[in-house]
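Chemist: My questions concern the predicted model and sequence given below.
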Amino acid sequence: MAATRYPCWMCGLPTLGADTYVVCSDCLLVFEMRSRERAGDGVDHLPLFDGEVEARLRKLLDDW
């Protein structure tokens, strides 16, 4: 499947993606930082493996 540019769901900037469910890396970073602040657990989390970020975002958007 070829990657095409679609607007980011949060800020609207053109972002490469396989389908219209795209969020740019800047918006994703802000989302992750806010999530960790809300969690307030003080635990350093392991980095997500390749594809996990996209899978989690797709699930959130599908549930929304």
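Modeler: Nice, thanks for sending it over. All values reported here derive from a predicted model rather than from experimental measurement.
Chemist: now the helices for the protein?
Modeler: Along the chain, counting by DSSP state H, helices occupy 25-39, 52-63.
Chemist: Between the ones you listed, which one is closest to residue 17.
Modeler: For residue 17, the closest of these is helix 52-63, at 8.6 Å, according to Cβ to Cβ. The way it works is simple: take the backbone N, C-alpha and C, and place the C-beta from them, glycine included.
Chemist: What residues sit buried inside the closest one?
Modeler: By neighbour count with 16 or more other Cβ atoms under 10 Å, helix 52-63 contains the buried residues 53, 54, 57.
Chemist: Confirm for me that the last one is in contact with residue 25.
Modeler: Spelled out, it's residue 57. No. If you go by Cβ atoms under 8 Å, residue 57 and residue 25 don't touch, sitting 11.6 Å apart.
Chemist: For the least confident helix or strand in the chain by mean pLDDT, buried residues please.
Modeler: The weakest-scoring helix or strand in the chain, judged by mean pLDDT, DSSP states H and E, is helix 25-39 (a mean of 81). For helix 25-39, the buried set under the neighbour-count rule, 16+ other Cβ under 10 Å, comprises 27, 28.
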